[in-house]
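**Student:** how would this look folded up:
(2 chains)
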Amino acid sequence: MRASFVASEVGNGLRRNLTMTLAVIITVAVSLALFGASLLVRAQVTTMKDFWYDKVEVSIFLCSKGSDTPSCAGGAVTAAQRDQIKSDLESLRPLVEEIYYESKTEAYERFKEQFKNSPIVGNVTENALPESFRIKLADPTQYDVVASAFQGRPGIEQVNDQRQVLDKFFQLLGGLQLIALLIAIVMLVVTVLLIVNTMRVAAFSRRRETSIMRLVGASNFYIQLPFLLEAALAAAVGALLAIGGLILMKTVIVDGVLAPSFQFTAFVGWDAVLAIAPVMLITGILLAGLAAFFTLRKYLRV
Amino acid sequence: MILFDHVTKVYPTQQRPALDDVSLEIEKGEFVFLVGPSGSGKSTFLRLVLREERPTKGQVWVLGKELNRLSNWKIPMLRREIGTVFQDFRLLPNKTVAENVAFALEVIGKPSSHIKKVVPEVLEVVGLEGKEGRRPDELSGGEQQRVAIARAFVNRPMLLIADEPTGNLDPGTSVGIMKLLDRINRLGTTVVMSTHDSQIVDQMRRRVIELEGGHVVRDQSRGVYGYAR
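**Tutor:** Below you'll find the model as predicted:
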């Protein structure tokens, strides 16, 4: 094996087939960038789930004067009802991890804090806000147990699970991720087809060399190696571009735009980028290498 | 060296066999002409020897190996011991004479020190000393064929296959090429050469195998091109 000979063959091959090489690099870059983006969104969803599921609460809103759900027919919640609910909640430990009672006054304080920049505060009085129990579950997926025990009980207006709201949001993100992944897969298929075609053209344009190589007894491996290395090299360059794109996405979109605007939540860190980048590189090189290998087996027979 | 044992070759797209029950033996050190009209099976014979085709029936033995039982990855090893020369030279136009010969050694992984030593030697054998730096399009047809022969001979193969090597050359140039092939034969390499050139065959007086319609119709030591002449 003579490395310098193989290297010069690879260089010549890439130069002679420059337009096709560029096409391969660009498709690999675009498809892998999408692939990486979809992985990044998934990492983002995981990060947010970890962050939020730790914080979500189940809220049990108690009846106040003027509530019109059937369970509030008896008017505002009585002190006896409130105590009963509280002791029932206590009996649900350890499923229920924390119980916190929020009075109308506290609710109003929190409301004022949350909407301090909004004119809506002036229109809302302390009485319009319901008192509630805020519950933190040890396992947020066990919400149904709480809901079935308290929903519709006299004195309880509504049982609310913040997780359901979040889940809708995560579903949306998950959908976006799926779309990105599907597009990435389509693009990767296109990339494979392009590599197959590029290899076919390359094998054809160098049929003189390869036929002489066959004639003088060069091994298949030796004949195919320059082609394989060309494909792998083009894919590696494309993958590096895609990784650059991913780093750009993280810096500009996540760190630059999203994180400052949505400070209440967590965003993916560089560790996720660091984990995704090698996956992209290996996917790209492996895909190109395999596509080239199977094409060459057909076009460079012994 | 070469042994055909009841060899039949039928190409998938054709009904008539290209070779039909051919049995013959070529000994080490022989110089053999393969003659016959186009389509008589000469090229098929040579392709079977190079294991570019497999026989439909029968066995082909080359250099002590039965080619049907030779696994695919060993074929390159077989071809390293066989030199091949063609009518159309098959040189690389963008490489010089020396580079064309060196290419054959590079692709089988020979070290460059070895290449630097043997390439000038073989170019001297074929009479191309002083033209190492020329490109094929700066050479005459005869000289190009000498480059091809140098490339085929640089590994000192046991067997040299020449498929109409003088087919593109004028008679005067052909004589020079034949002298070269004769010299290579005298150095111990078995030469099998297909040709249409009756003059050459008649002059050389070597073994002649005549094929027609896939059959061996004549096998004569010290033969001529055809009876009719």
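**Student:** tell me, what residue is most central in chain B?
**Tutor:** Centrality entry for chain B: nearest residue to the mean C-alpha point is B:Ile161, 1.6 Å, by CA atoms, centre = their mean.
**Student:** name the element that residue belongs to?
**Tutor:** Under DSSP states H and E, the secondary-structure element containing B:Ile161 is strand B:159-163.
**Student:** now for the helix or strand of chain A with the lowest mean pLDDT, which elements pack on it?
**Tutor:** Taking all helices and strands of chain A together, the one with the lowest average confidence (mean pLDDT, DSSP states H and E) is helix A:143-150, at a mean of 77. Contact here means 3 or more CB pairs under 8 Å, 6 or more residues apart in numbering or on different chains; DSSP states H and E; on that basis helix A:143-150 packs against strand A:58-62, helix A:79-91, strand A:132-137, strand A:156-161. No exception for glycine: its C-beta is placed from N, CA and C like everyone else's.
**Student:** shaky segments in the chain?
**Tutor:** Just so you know, I chose chain A. Low-confidence segments of chain A (pLDDT under 70): A:1-2, A:301-302.
**Student:** wait, chain B was what I had in mind.
**Tutor:** Applying pLDDT under 70 to chain B flags residues B:227-229.
**Student:** what number of residues lie near the nearest residue to B:Ala148 once chain neighbours are set aside?
**Tutor:** Of all residues not flanking B:Ala148 in the chain, B:Phe89 sits nearest, at 4.7 Å (CB to CB, 6 or more residues apart in numbering or on different chains). Here the count is done by other CB atoms under 10 Å in any protein chain shown, and B:Phe89 has 20 residues near it.
**Student:** for B:Asn168, same thing?
**Tutor:** Other residues lying near B:Asn168 total 16 when counted by other CB under 10 Å.
**Student:** next one: it from B:Phe103, what distance?
**Tutor:** Using CB to CB, to the nearest Å, one obtains 21 Å as the distance from B:Asn168 to B:Phe103.
**Student:** contact residues of the stretch 201-302 of chain A facing chain B?
**Tutor:** Residues of the stretch 201-302 of chain A lying close to chain B by CB under 8 Å from any CB of the partner chain are A:208-209, A:211-220, A:222-223, A:302.
**Student:** which among those count as buried?
**Tutor:** Buried positions within these, assessed by neighbour count (16 or more other CB atoms under 10 Å in any protein chain shown), are A:209, A:212-220, A:222-223.
**Student:** does the residue positioned nearest the centre of chain A sit in a helix or strand, and which one?
**Tutor:** To find the centre residue of chain A, average its C-alpha atoms and take the closest one (CA atoms, centre = their mean): that gives A:Arg42, at 1.7 Å. Using DSSP H and E, the secondary-structure element containing A:Arg42 is helix A:18-53.
**Student:** that helix: which residues count as buried?
**Tutor:** Neighbour-count burial for helix A:18-53, with 16+ other CB under 10 Å as criterion, is recorded at A:20-21, A:23-45, A:47-49, A:52-53.
**Student:** relative to strand A:132-137, how tilted is it?
**Tutor:** For the pair helix A:18-53 and strand A:132-137, the angle between their directions (axes from the mean of the first three to the mean of the last three CA atoms, to 10 degrees) equals 120 degrees.
**Student:** which strands and helices lie in contact with helix A:18-53?
**Tutor:** helix A:162-205, helix A:220-248, helix A:270-299.
**Student:** now do that helix and helix A:220-248, the angle between them.
**Tutor:** Calculated by the same axes, to 10 degrees, helix A:18-53 forms an angle of 50 degrees with helix A:220-248.
**Student:** might you enumerate the residues of chain B proximal to chain A?
**Tutor:** When proximity is defined as CB under 8 Å from any CB, chain B approaches chain A at B:50, B:72-73, B:75-82, B:84, B:90, B:92, B:103-104, B:106-109, B:111-112, B:151, B:155.
**Student:** that older thread, how about the least confident helix or strand of chain A: buried residues?
**Tutor:** Taking 16+ other CB under 10 Å as the basis for neighbour counts, the residues of helix A:143-150 that come out buried are A:143, A:146-147, A:150.
**Student:** how about stretch B:206-221?
**Tutor:** Taking 16+ other CB under 10 Å as the basis for neighbour counts, the residues of stretch B:206-221 that come out buried are B:206-211, B:214-216.
**Student:** kindly reformat those as JSON lines containing secondary structure.
**Tutor:** Putting the buried residues of stretch B:206-221 into JSON lines (DSSP: H, G, I helix; E, B strand; the rest coil) gives the following:
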{"residue": "B:Arg206", "secondary structure": "coil"}
{"residue": "B:Arg207", "secondary structure": "strand"}
{"residue": "B:Val208", "secondary structure": "strand"}
{"residue": "B:Ile209", "secondary structure": "strand"}
{"residue": "B:Glu210", "secondary structure": "strand"}
{"residue": "B:Leu211", "secondary structure": "strand"}
{"residue": "B:Gly214", "secondary structure": "coil"}
{"residue": "B:His215", "secondary structure": "strand"}
{"residue": "B:Val216", "secondary structure": "strand"}
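**Student:** farthest pair in those?
**Tutor:** When those are compared pair by pair using CB to CB, the two farthest from each other are B:Arg206 and B:Gly214, 22.9 Å apart.
**Student:** need the nearest residue in space to the one residue in the stretch 1-150 of chain A that gets nearest to chain B, chain neighbours excluded.
**Tutor:** Using CB to the nearest CB, the single residue of the stretch 1-150 of chain A nearest to chain B is A:Phe5, 4.8 Å away. In space, not counting the residues next to it along the chain, A:Phe5 is nearest to B:Glu106; the distance is 4.8 Å by CB to CB, 6+ apart.
**Student:** thinking again about what came up before, quick one: which of the buried ones among the residues of the stretch 201-302 of chain A next to chain B is nearest A:Ile195?
**Tutor:** A:Ile223 (18.0 Å).
**Student:** wait, that closest one sits on A:Leu215?
**Tutor:** No - contact criterion CB atoms under 8 Å: A:Ile223 and A:Leu215 do not qualify, at 11.0 Å.
**Student:** just give me the longest helix of chain B.
**Tutor:** In chain B, with assignment by DSSP state H, the single longest helix is helix B:171-186.
**Student:** can you list the domain ranges for chain B.
**Tutor:** B:2-81+B:157-220, B:92-141+B:149-155 (automatic domain parsing).
**Student:** generate JSON lines for those domains, with distance to A:Phe294 as supplementary columns.
**Tutor:** Output for the domains of chain B, formatted as JSON lines (distance: least, CB to CB, whole Å):
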{"stretch": "domain B:2-81+B:157-220", "distance to A:Phe294": "16"}
{"stretch": "domain B:92-141+B:149-155", "distance to A:Phe294": "23"}
